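# Next one to model:
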Amino acid sequence: TLRKTHEKFRSAPDGSELFPAATSRAALVIIRDPRDVACSAARHFNMSLDASVDLLCRRDPQSPGSPSVLMSRQPQGSWSEHLDSWRRLPTYPVAVYRYEDFLADPHAAFGAALKFAGLEVSENELVHAVESTRFEKLQVRERESGFSERPTGTEVPFFRKGQAGGWRGELSASQVTKIERNCGALMEEFGYLIEGRLTSASPSTANQVKFSGDKLFAAALPPKQDVPLDLSTRFVKDDQVMTSQVGDDLVLVTSEYELMGLDQMGALIWDYLDHPMSFQELVDTLCEQFGIDSTTCIDDTTPMLQLLLNGGALKVIT
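Numbering: from 1, shown residues only. Next up is the predicted model:
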């Protein structure tokens, strides 16, 4: 039995397995350039490109769901969070394939995926499967017979373009920057070229530390003198920072190619600082959301802000 899902790998609220190892031979994870995903999702869910980019980069988002089928909102995670969960958590074999490789050589990519999954097919069956599912044939089939996963109330076809790199004519520079900043580490690992000056950071030169996910990852910062900080201090993110999810931690790759790991509180603060904000505004926001007093909030957040400032992930607005 083949099972398709858009959910990140996770357990049910009661701790039971949603994707149980006892009944799973393997997982095939198909990824696509997140910049193209943003364009495709905007059309599919009838949302703006800004909203689609935000959904792609946000930690723990849920899919908008679909009124056309019995589909509830599904915990998908950000693009990086979703991919990391499927690479790291299953106890059965997992292989990651790029959508772009299926476009470039569908016969080779599909054949490799079937072989990994342990599904034996003849050469004739493989050729027939590839030929019958070529994109232009799927477009014709949708026009003639419809498609069950196409949202209701929209004229936008499910099989719209099927191209790689179309984002270059659709996304603004700021939208591209936001995606690359949030997904850049895994984008580069899987061969998606970063448009700006970001390049792959080599973790081999940094110290090895353990994060809460109990997985080794290079992330150490040299000690630096604390940046002066008071409640009037205003911050802005360095727009060259890349992020990646490693276990329960968010890892930042700064423009100086230094790595730092943020726990859940640090990741929450990082998410809030998507826009320029003063320390006082951050404290007020956290106090209102979590019902804590300002003194406790200041004491708890100051060390994390100093880490982000010292590491170059945040800049002080003067």
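
# Which secondary structure state does Leu126 sit in?
helix (DSSP: H, G, I helix; E, B strand; the rest coil).

# State the distance from it to Gly111.
Distance from Leu126 to Gly111, counting by C-beta to C-beta, to the nearest Å: 6 Å. Placement of C-beta: from N, CA and C, glycine included.

# Wasn't Asp301 part of a helix?
I think there's a mix-up here, since residue 301 is Thr and not Asp. Yes: Thr301 forms part of a helix when assessed by three-state DSSP.

# Please list all residues in contact with it.
Neighbouring residues of Thr301 by C-beta atoms under 8 Å, 6 or more residues apart in numbering: Met265, Ile269, Leu282, Val283, Leu286.

# how much space between it and Ile292?
10 Å.

# Spit out the residues that contact the two alike.
Leu286.

# do you know how far Ser16 is from Val29?
Distance from Ser16 to Val29, by C-beta to C-beta: 22 Å.

# Those two - which one has more neighbours?
Between Ser16 and Val29, counted using other C-beta atoms under 10 Å, Val29 has the larger neighbour count: 16 against 8.

# which helices and strands sit right next to whichever strand or helix holds the more buried one?
Per DSSP states H and E: Val29 is located in strand 27-31. Packed against strand 27-31 by the contact rule (3 or more C-beta pairs under 8 Å, 6 or more residues apart in numbering; DSSP states H and E) you find helix 79-88, strand 94-98, helix 99-104.

# Report the angle between that strand and helix 79-88.
Compare the direction of strand 27-31 with that of helix 79-88 by axes from the mean of the first three to the mean of the last three C-alpha atoms, to 10 degrees and you get 160 degrees.

# What residues of strand 27-31 count as buried?
Ala27, Leu28, Val29, Ile31 (16 or more other C-beta atoms under 10 Å).

# pretty sure Pro93 is in contact with Arg87, am I right?
No: Pro93 lies out of contact with Arg87 (C-beta atoms under 8 Å); the separation is 11.4 Å.

# So which of the two has more stuff around it?
Arg87 (16 against 13).

# residues in contact with that one?
Contact analysis of Arg87 by C-beta under 8 Å, 6+ apart lists Val29, Val94, Val96.

# Please identify the pairing partners of the strand holding Val29 and their relative orientation?
strand 94-98 (parallel) (DSSP bridges).

# Go ahead and produce CSV holding the CA coordinates of the partner strand.
Written as CSV, here are the backbone C-alpha positions of strand 94-98 (Å, rounded to 0.1, in the frame of the first residue of the first chain):
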residue,chain,number,x,y,z
VAL,A,94,14.2,7.2,4.1
ALA,A,95,15.4,8.6,0.7
VAL,A,96,15.1,12.2,-0.4
TYR,A,97,14.5,12.9,-4.1
ARG,A,98,14.3,16.3,-5.8
